[in-house]
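Asks: sequence? don't have it. structure:
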């Protein structure tokens, strides 16, 4: 079982978004189970669960983990093909975000488009690496920084840009015949608060 699988096929994406099938995927990510075992957990007849499982299996979202004999019936034990799933923007076809459309370093929309391309590209690379049975060479850096002021944030961005551009100039080998191109994406954005402040609901609250 993979930790994360990127869903690239539009039909598979539609299947995974169905609430019942998403619940079945969550149950099967915890361990193998049969339609009869899952039925009481999702509140559906075994036959209906079996129908959903076959649909998920058709799109590669679940797979056969084994079989067991129960009375005169042989039960198929299914498991999720991954612990979690994410849908590639490529599944949206022509309406997927395009970072080449408006290259604005200070635009949140451009940042989303970059993230979408990163997700799409990683999905394609993971698929290729799995078929070739090769390990994919990647690197990620994640951290947090608190700025005392907007001026400090601007200064940080300027120094970061200068530093990264210097490294790119140092290591970029445009004429290396056996080299391989890599894409570098660095993002900086406000941290999402765990709980946003509740909006006032009365005139009294508005004036307090």
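Replies: Arrived safely, thanks for sending. The model shown is predicted, which means the values in this text are computed figures rather than measured ones.
Asks: hey, what's the residue sitting nearest the centre point of the chain bridged with?
Replies: For the chain, residue 86 is the residue whose C-alpha lies nearest the centre (C-alpha atoms, centre = their mean; 3.4 Å). Partner residues in beta bridges with residue 86, using DSSP bridges, are residue 6.
Asks: per-residue confidence at it?
Replies: Looking at residue 86, its pLDDT stands at 94.
Asks: distance of it from residue 120?
Replies: Here the criterion is C-beta to C-beta, to the nearest Å. By it, residue 86 lies 11 Å from residue 120. In short, each C-beta sits where N, CA and C put it, glycine included.
Asks: residue 61: how many residues sit nearby?
Replies: Using other C-beta atoms under 10 Å, residue 61 has 24 other residues around it.
Asks: so where's the protein uncertain?
Replies: Of all residues in the chain, those with pLDDT under 70 make up the ranges 1, 195-208.
Asks: break it into its domains for me.
Replies: 2-85, 96-136, 141-172 (automatic domain parsing).
Asks: minimum distance to residue 178: which of those domains has it?
Replies: Among those, domain 141-172 comes nearest to residue 178, with 14.8 Å by C-beta to C-beta.
Asks: so what's the gap between the closest one and the chain middle?
Replies: Here the centre of domain 141-172 is set off from its chain's centre by 26 Å, with C-alpha atoms, centre = their mean, to the nearest Å.
Asks: name the residues of it that come out as buried.
Replies: Within domain 141-172, no residue counts as buried by 16 or more other C-beta atoms under 10 Å.
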